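Novice: Would you be able to build a 3D model of this:
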Amino acid sequence: MASGSFFLRSGETWRSPWEDYRTLRDDSPVHFVPAEGDNVDFWVLSRFADVFTAVRDTATFSSAQGLTPNADAMAMFEEGQQPIVMMDPPDHTAMRRLVGKQMTPRRVGYIEAAVREFVDARLDHIADAGGQPIDIVGTLFKPLPSFVVAHYLGVPTADRDNFDRWTNAIVAANAAGRIETAMDAALELFTYATELLEMKKIEPGEDLVTDLIAVGEGVVSAGWIVGFVFTMVTGGNDTMTGMLGGSAELLTERRDERQRLLDDPTRIEDAVEELLRLTSPVQNLARTTTTEVELHGQTVPEGNKVLLLYGSANRDEREFGARAGDLDVGRAIDKMLSLGYGAHHCLGASAARLQARVVLGRLLERFPSFVVDAAAGRFAPGSFVRRYESLPLTA
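Specialist: Alright, predicted model coming up:
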């Protein structure tokens, strides 16, 4: 990449963006990208301090016009279906209160036994492979997040396979600039969510959809509940897959850091924070400026898209020191951007940490010498989530 340039990645171009990010941080921390294809003009922020400020300043950096630089970012959402991640306070704050009680660490802890059972059953496939490579993404890293999201939404087991199909179709179509195909998949998902809503009215359960229905139409609309289901499915699946795949790669590369976890498994919880920082599953999302912004000698006009480069910010030497790009499972992390921050802190943060802690703990315990072949792995399409689509693991 030439000094200070930027492009939206997808598929194989996700393999190693880190040096390119460093160039942006050092040479062009407020970088302009002209409109091309379906994307409008946008600006890229790559330093931690700048991105951290922007995610907390929802009055200046609005989410309400979509989270991508695509000109049709909001086209797939009907009026009243705008997902919570595409709201600003105070509307966002009010809606977050309605769904937050199910996502607290204490409530999330209730599903730990089910997650452990699911993980162990999937890890049995590795044992059965007899030392032959097995695709750990298809075996565990992709199905587990779908299992957890479906649990929270109260989705019947028979319907859960559709989640990955819809998510993959939406992500792949957006990456290829096929907005019509993405909208077709989104319509299928919205249709299913509407059917799920009607089902829960008749057969309520211990889940988020039932909770939202109970709030009543005067507070939250049926369309908004449908939009929330969309957010959970598309936001909760790929991100966790990305974190787990990237973590397996890092623990294969850094056997010394892996050994620290094997010697002291109590480090796993802190290691999860470091692995979240380095993998940054959501590499970037956009905001829209509500006023003119002056930063590093550049002027970002009102109404412009600004891409917040989380993957770069989380490796910024200005925040994390000279070895910011190196895995250190004992690193004390005060703040990072992998799960958002402030008003838009990820609702599923506790569930994400639980999944990572259980998966990595059980993987190291049962297969302490596992290796993944990153070179043979294949990256998924999509310009916002960096994740392996397949990744061979041998134990």
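Novice: now residue 335: how far from residue 242?
Specialist: Applying Cβ to Cβ, to the nearest Å, the value for residue 335 to residue 242 is 20 Å. Quick note: C-beta positions are derived from backbone N, CA and C, even for glycine.
Novice: same question, residue 250
Specialist: 12 Å.
Novice: try residue 117
Specialist: With distances taken as Cβ to Cβ, residue 117 is found 24 Å from residue 242.
Novice: Which residue of these two possesses the greater neighbour count?
Specialist: Taking other Cβ atoms under 10 Å, residue 117 and residue 242 do not tie; residue 242 has more neighbours (27 against 10).
Novice: Please, which helix or strand holds that one?
Specialist: Assigned by DSSP states H and E, residue 242 belongs to helix 238-253.
Novice: what's the next secondary structure element after that helix?
Specialist: Next in line after helix 238-253, if elements are assigned by DSSP H and E, sits helix 255-263.
Novice: Kindly export the following helix or strand past that next one (C-alpha atoms) in CSV.
Specialist: The C-terminal neighbour of helix 255-263 among helices and strands, as given by DSSP H and E, is helix 268-279. C-alpha atoms of helix 268-279 as CSV (Å, rounded to 0.1, in the frame of the first residue of the first chain):
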residue,chain,number,x,y,z
ILE,A,268,-7.4,-17.2,30.3
GLU,A,269,-9.8,-14.5,31.4
ASP,A,270,-7.2,-11.7,30.9
ALA,A,271,-5.9,-13.4,27.7
VAL,A,272,-9.3,-13.1,26.2
GLU,A,273,-9.1,-9.3,26.5
GLU,A,274,-5.7,-9.3,24.7
LEU,A,275,-7.0,-11.6,22.0
LEU,A,276,-10.0,-9.4,21.5
ARG,A,277,-7.8,-6.4,21.1
LEU,A,278,-5.5,-8.0,18.6
THR,A,279,-8.1,-9.8,16.5
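Novice: hmm, who's touching helix 268-279?
Specialist: Helix 268-279 has contacts (Cβ atoms under 8 Å, 6 or more residues apart in numbering) with 242-243, 245-247, 250, 261, 314-315, 320, 325, 327-333, 336, 338-339, 352-353, 356-357, 360-361, 364, 386.
Novice: Can I get the buried part of those as one ChimeraX selection?
Specialist: A single ChimeraX command is used to select the members of those judged buried by 16 or more other Cβ atoms under 10 Å:
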select :242,243,245,246,247,250,261,314,315,320,327,328,329,331,336,338,339,352,353,356,357,360,361,364,386
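Novice: ranges for the strands of this structure?
Specialist: With DSSP state E, the ranges of strands along the chain come out as 30-33, 42-45, 61-62, 134-135, 285-289, 293-295, 298-300, 305-308, 371-372, 378-379, 388-390, 392-394.
Novice: Pipe the ones you listed into CSV and attach mean pLDDT per row.
Specialist: Formatted as CSV, these follow (pLDDT from 0 to 100):
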stretch, mean pLDDT
strand 30-33, 98
strand 42-45, 98
strand 61-62, 96
strand 134-135, 98
strand 285-289, 96
strand 293-295, 98
strand 298-300, 97
strand 305-308, 98
strand 371-372, 98
strand 378-379, 98
strand 388-390, 96
strand 392-394, 98
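Novice: now, which of the contacts of helix 268-279 lie within helices?
Specialist: When DSSP state H defines the helices, the subset of the contacts of helix 268-279 inside them is 242-243, 245-247, 250, 261, 320, 352-353, 356-357, 360-361, 364.
Novice: which of the residues you listed lies closest to residue 203?
Specialist: Proximity of the ones in helices among the contacts of helix 268-279 to residue 203, judged by Cβ to Cβ, is greatest for residue 352, which lies at 28.4 Å.
Novice: confidence score at that closest one?
Specialist: For residue 352, the model assigns a pLDDT of 92.
Novice: wouldn't it be in contact with residue 345 here?
Specialist: No: between residue 352 and residue 345 there is no contact under Cβ atoms under 8 Å: 11.5 Å.
Novice: what touches both of these two?
Specialist: Common contacts of residue 352 and residue 345, defined by Cβ under 8 Å, 6+ apart, comprise residue 339.
Novice: residues in contact with the nearest residue to residue 125 once chain neighbours are set aside?
Specialist: Residue nearest to residue 125 in three dimensions, not counting chain neighbours: residue 139, with 5.2 Å by Cβ to Cβ, 6 or more residues apart in numbering. For residue 139, the contact set (Cβ under 8 Å, 6+ apart) comprises 122, 125-126.
Novice: out of the residues you listed, who has the most neighbours?
Specialist: Neighbour counts for the contacts of residue 139 peak at residue 126, which has 22 neighbours (criterion: other Cβ under 10 Å).
Novice: ok, now which ones touch that one?
Specialist: Residues in contact with residue 126 (Cβ under 8 Å, 6+ apart) are 134, 136, 139, 366-367, 370, 393, 395.
Novice: Local confidence estimate at it?
Specialist: On the pLDDT scale, residue 126 is placed at 95.
Novice: that older thread, in a markdown table, list the contacts of residue 126 along with distance to residue 152.
Specialist: Below are the contacts of residue 126 laid out as a markdown table (distance: Cβ to Cβ, whole Å):
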| residue | distance to residue 152 |
| --- | --- |
| 134 | 28 |
| 136 | 24 |
| 139 | 22 |
| 366 | 27 |
| 367 | 29 |
| 370 | 29 |
| 393 | 27 |
| 395 | 30 |
